[in-house]
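Student: Got a predicted model here, sequence first, then my questions.
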Amino acid sequence: MATDLSFVRNIGISAHIDSGKTTLSERILFYTGKIHKIEEVKGKSGVGATMDFMDLEREKGITIQSAATFCQWGDYEVNLIDTPGHVDFTVEVERALRVLDGAVLVLCSVAGVQSQSITVDRQMRRYKVPRIAFVNKMDRAGANPYRVCDQLREKLGHNSHLITLPIGAEDQFKGIISLVHMKAYYFDGANGENIREEEIPADMVEKSKEYRDSLIGALADFDDALAEKYLGGEEPTMDELKAVLRKATLSLNFTPVMCGSAFKNKGVQLLLDAVTYYLPNPMEIVNEAFDQDKDEEKVVVQSDASKPLVMLAFKLEDGRYGQLTYMRVYQGTVKKGDTITNIHNEKRVKVSRLVRMNANEMIDIDEAKAGDIVALFGVECASGDTFTDGNVRYTMSAMFVPNSVISLAVAPKDKSSLAKFSQALNRFTKEDPTFRVHRDEESGETIISGMGELHLEIYVERMKREYACEVIVGKPQVNFRETIVQRAEINYTHKKQSGGSGQFARIIGFMEPLPADAVKAYEFVDETVGGSIPRQFIPACDKGFQEQVKTGQLVGAQVVGVRLVVNDGLHHPVDSNEMAFKTCAMAGFREAYPAAKPTILEPIMKVGIEGPEEFSGTMMGLISQRRGTLTGSATNGGYAQIDAEVPLSEMFGFSTDLRSGTQGKGEFSMEFLKYAAVPRNVQEEMIEKYKAKRAAENK
């Protein structure tokens, strides 16, 4: 392992689905000597890419789990995580970006900035990750890196500038010009492993000078000395240019854009050089933690191996030898045989085995230091837990976990598989914070919830394969919500006399909608004075309300965006107790709820569709048939891109309709955007259905 942290790079590769991330990772492993033969994502050999090591990933040709590996490029040690592009596995991208110092944003040279590229960019901004953009697939018909660079500016607001130019494009794509070195590079040999440096072709000299001048002009904003040279018409040295380019990239206000074709083995080595030149080492990133001994005061965790240990568990996997926990070491050193403390539950654990991962292969090591990404065995914890050596009680900030939007009822086919079924569900919920399981009290069914149809389909398939547990799957259910739109008064008295001491409670107050930007979905406010409700019964009122917001009266969905205020009440010295106030709160809520004009909310998805231009009318028609709203459309090189917002409940079976309407050439991606009110006519229909269902159950 590298001892000098300035030679360490922790990077992730992220992009829209099908931009070539895994193919790029495969080339990186090949050129750095980690593998000796290149395998394709959907290779004829059936072997599949190194980083897609799950059978399901190889069959579907997509990345499902983020895979970690490490490699050596010259003097530099690169820890690399290949992340999924499909939005259903967005938490894999979240957790990878949470622990990485830099990233490569891969874009398709034809499709450019796609819907999922926008999401990945938002995630990179959330964790303040500097990035290099790599415009891949330069060999494809319609490839245009200049347009993609412009799209980065227009659609994502990046200060993006090309630092390499292509020599030719599509089937004439031959090599790459570096605007920093002002040289042309060609990639010879069966796998492009022999790099040939030449002078820039005569027909490209003017264009290269023009783009280099534009690049230096943009970088002059980041450095006064460079600005002086630029204004004085002086040429900066290569080292000066590299230093300012690095400074600009690390400031998060500049995005260097490179181009190449991972599939055709062109430009990957230059990208690796750029990763070492322009992306940060662990010491250049400010990582903050919260000191639990000082009321969660913020502290900066330093990439120093001699300081007390602080590391974060960011991913769990159930391997052949038990639970494998991926950790990023932020501070200090961890050695085999050490005892570490989980700050979340104060449990102490012994580090019995410490490994570095190369996809699914393990390399045993004796110690890991600040800046390293490693895996430990036998550590019982959840994703997002912080571990220390016990000398400090720091917790790292947790990653963002989106809400689940779709649910399925599942049950084992065979009652004898019940143990395996619950074992699988326990493991999956630990591994993936966006995969949730609960039991429906009314129907007694086990409900799994996730980010999309594919997300849940993959887990059902994994139960079958990894646990030999066949599962019966119900129809997908959309996770609707209910909310209120106006204030309603609460004034309810609960009396019960049944011989001996009875029950008495009176609650006066109101319910009102929370502001649209409220962080919480529920808020309880106590405004009682003068002991009208004794202090010890206030929590019981809160509990009663909380119990009642779990199921609304319109369609039995959770009630969100509601504030409940108690400002007066009555109690009885003998008959009042916690139970009485909890029951009173529940009944008071039920009575006032209809007066607050409740409405149903449904998840709205951001949908991106792509297909040949000739089918754009058909694709727009499919959106309008599904209560969708078009938010944008563009055509690039004969391809139409359509962005829309569509209710999730209308998206079931969309892929089949899209394929048949576009002769199998259309593709789409969708992700959760927001909750919005259901139109009145649809709402009335839903309420009628819910009433009929309840009536049938009560017969």
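Tutor: Structure's in. What do you need?
Student: Where does Leu456 fall, secondary structure wise?
Tutor: Per DSSP states H and E: Leu456 is located in helix 453-467.
Student: And that helix, what does it pack against?
Tutor: helix 55-60, strand 406-412, helix 418-431, strand 446-450, strand 471-473 (3 or more CB pairs under 8 Å, 6 or more residues apart in numbering; DSSP states H and E). For glycine as for every other residue, the C-beta is placed from the backbone atoms N, C-alpha and C.
Student: Lowest average pLDDT across the ones you listed?
Tutor: Lowest mean pLDDT within those: helix 55-60, at a mean of 50.
Student: what's downstream of that helix, the next helix or strand?
Tutor: strand 67-73.
Student: got the buried residues for that following strand?
Tutor: For strand 67-73, a neighbour-count test (16 or more other CB atoms under 10 Å) marks 67-71, 73 as buried.
Student: ok, now stretch 521-534?
Tutor: Buried, per 16+ other CB under 10 Å, within stretch 521-534: 521-522, 524, 526, 528, 533.
Student: Now tabulate those residues in a markdown table and tack on pLDDT.
Tutor: Output for the buried residues of stretch 521-534, formatted as a markdown table (pLDDT from 0 to 100):
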| residue | pLDDT |
| --- | --- |
| Ala521 | 86 |
| Tyr522 | 92 |
| Phe524 | 94 |
| Asp526 | 92 |
| Thr528 | 89 |
| Ile533 | 90 |
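Student: Does anything pack onto the top strand by length along the chain? Which helices or strands?
Tutor: In terms of residue count, the longest strand belonging to the chain (DSSP state E) is strand 598-612. Counting by 3+ CB pairs under 8 Å, 6+ apart, the packing neighbours recorded for strand 598-612 are helix 115-126, strand 481-484, helix 616-624, strand 639-647, strand 667-677, helix 680-698.
Student: Let me have that strand in CSV, keeping just the CA atoms, if that works.
Tutor: Only the C-alpha atoms of strand 598-612 are listed here, as CSV (Å, rounded to 0.1, in the frame of the first residue of the first chain):
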residue,chain,number,x,y,z
PRO,A,598,-57.8,15.8,2.8
THR,A,599,-56.4,14.9,-0.6
ILE,A,600,-54.4,12.0,-2.1
LEU,A,601,-50.8,12.5,-3.2
GLU,A,602,-49.1,10.2,-5.7
PRO,A,603,-45.4,9.8,-6.6
ILE,A,604,-44.5,11.6,-9.8
MET,A,605,-41.5,10.2,-11.8
LYS,A,606,-39.0,12.1,-13.9
VAL,A,607,-39.0,10.0,-17.1
GLY,A,608,-36.4,10.3,-19.9
ILE,A,609,-37.1,8.5,-23.2
GLU,A,610,-34.8,8.1,-26.2
GLY,A,611,-35.3,6.6,-29.6
PRO,A,612,-35.0,7.3,-33.3
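Student: what pairs with that strand, and is each one parallel or antiparallel?
Tutor: strand 481-484 (antiparallel), strand 639-647 (antiparallel), strand 667-677 (antiparallel) (DSSP bridges).
Student: of these, which approaches Ile365 most closely?
Tutor: strand 667-677 (37.5 Å; CB to CB).
Student: Now the closest one: buried residues?
Tutor: For strand 667-677, a neighbour-count test (16+ other CB under 10 Å) marks 667-673, 675 as buried.
Student: mind putting those in CSV, distance to Val405 included?
Tutor: As requested, those are exported to CSV (distance: CB to CB, whole Å):
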residue, distance to Val405
Glu667, 20
Phe668, 16
Ser669, 14
Met670, 10
Glu671, 9
Phe672, 5
Leu673, 10
Tyr675, 9
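Student: now, among those, which is nearest to Met511?
Tutor: Tyr675 (18.6 Å).
Student: how much space is there between that closest one and Gly530?
Tutor: According to CB to CB, to the nearest Å, Tyr675 and Gly530 sit 39 Å apart.
Student: now swap in Leu601 and tell me
Tutor: Counting by CB to CB, the gap from Leu601 to Gly530 is 38 Å.
Student: cool, and Asn281?
Tutor: 62 Å.
Student: do the same with Ser397
Tutor: 42 Å.
Student: likewise Pro433?
Tutor: 45 Å.
Student: can I assume Val562 is in contact with Pro515?
Tutor: No: counting by CB atoms under 8 Å, no contact exists between Val562 and Pro515, whose distance comes to 11.6 Å.
Student: more crowded one of the two?
Tutor: More neighbours surround Val562 than the other of Val562 and Pro515, with 25 against 7 (other CB atoms under 10 Å).
Student: residue contacts, that one?
Tutor: By CB atoms under 8 Å, 6 or more residues apart in numbering, the contact set of Val562 is 483-484, 511-514, 521-523, 549.
Student: buried subset of those residues?
Tutor: Buried, going by 16+ other CB under 10 Å: 483-484, 511-514, 521-522, 549, out of the contacts of Val562.
Student: hey, least reliable of the helices and strands packed on strand 598-612 by pLDDT?
Tutor: Among the helices and strands packed on strand 598-612, helix 115-126 carries the lowest mean pLDDT (a mean of 79).
Student: list the buried ones in it?
Tutor: Those would be 115-121, 123-124, for helix 115-126 by 16+ other CB under 10 Å.
Student: just stretch 232-250 next, same as before
Tutor: Applying 16+ other CB under 10 Å to stretch 232-250 flags 236, 240-246, 248-250 as buried.
Student: how many other residues sit next to the closest residue to Ala640 other than its chain neighbours?
Tutor: Once flanking residues are discounted, Ala640 sits nearest to Ser616: 3.9 Å by CB to CB, 6 or more residues apart in numbering. Applying other CB under 10 Å, we find 19 residues neighbouring Ser616.
Student: now the nearest residue to Ser449 once chain neighbours are set aside, what's its secondary structure?
Tutor: Among residues not flanking Ser449 along the chain, Ser404 sits closest, at 3.8 Å (CB to CB, 6+ apart). The local conformation at Ser404, judged by DSSP: H, G, I helix; E, B strand; the rest coil, is coil.
Student: From Phe435, how far off is Ser404?
Tutor: 8 Å.
Student: which residues do the two both contact?
Tutor: Joint contacts of Ser404 and Phe435 (CB under 8 Å, 6+ apart) are 449-450.
Student: quick one: the residue nearest to Ser449 and Asn479 touch, right?
Tutor: Yes: counting by CB under 8 Å, Ser404 does reach Asn479; the two are 6.5 Å apart.
Student: just the helices in the stretch 101-250 of the chain please.
Tutor: In the stretch 101-250 of the chain, the helices defined using DSSP state H, counting those that start in this stretch lie at 115-126, 145-156, 205-219, 224-231, 238-250.
Student: Tell me the buried residues in the longest one?
Tutor: Residues of helix 205-219 classed as buried by neighbour count (16+ other CB under 10 Å): 208, 211-212, 215-216, 218-219.
Student: cool, and the fourth one?
Tutor: Burial within helix 224-231, assessed by neighbour count using 16+ other CB under 10 Å, is assigned to 226-227, 229-230.
Student: I'd like the residues you listed as JSON lines, with pLDDT and distance to Lys183 appended.
Tutor: Putting the buried residues of helix 224-231 into JSON lines (pLDDT from 0 to 100; distance: CB to CB, whole Å) gives the following:
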{"residue": "Leu226", "pLDDT": "92", "distance to Lys183": "21"}
{"residue": "Ala227", "pLDDT": "92", "distance to Lys183": "25"}
{"residue": "Lys229", "pLDDT": "90", "distance to Lys183": "21"}
{"residue": "Tyr230", "pLDDT": "89", "distance to Lys183": "21"}
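Student: now, the most widely separated pair of those?
Tutor: The widest separation within these (CB to CB) is 7.4 Å, between Ala227 and Lys229.
Student: ok, back up a step: of all the helices and strands packed on strand 598-612, which one is nearest Lys369?
Tutor: Comparing the helices and strands packed on strand 598-612 under CB to CB, the one sitting nearest is helix 115-126, at 25.9 Å.
Student: And that closest one, what does it pack against?
Tutor: Secondary-structure packing of helix 115-126 (3+ CB pairs under 8 Å, 6+ apart): strand 8-15, helix 90-99, strand 102-108, helix 145-156, strand 598-612, strand 667-677.
Student: on that earlier part again, and the buried residues of helix 224-231 as JSON lines, adding distance to Glu470?
Tutor: Formatted as JSON lines, those follow (distance: CB to CB, whole Å):
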{"residue": "Leu226", "distance to Glu470": "65"}
{"residue": "Ala227", "distance to Glu470": "68"}
{"residue": "Lys229", "distance to Glu470": "70"}
{"residue": "Tyr230", "distance to Glu470": "68"}
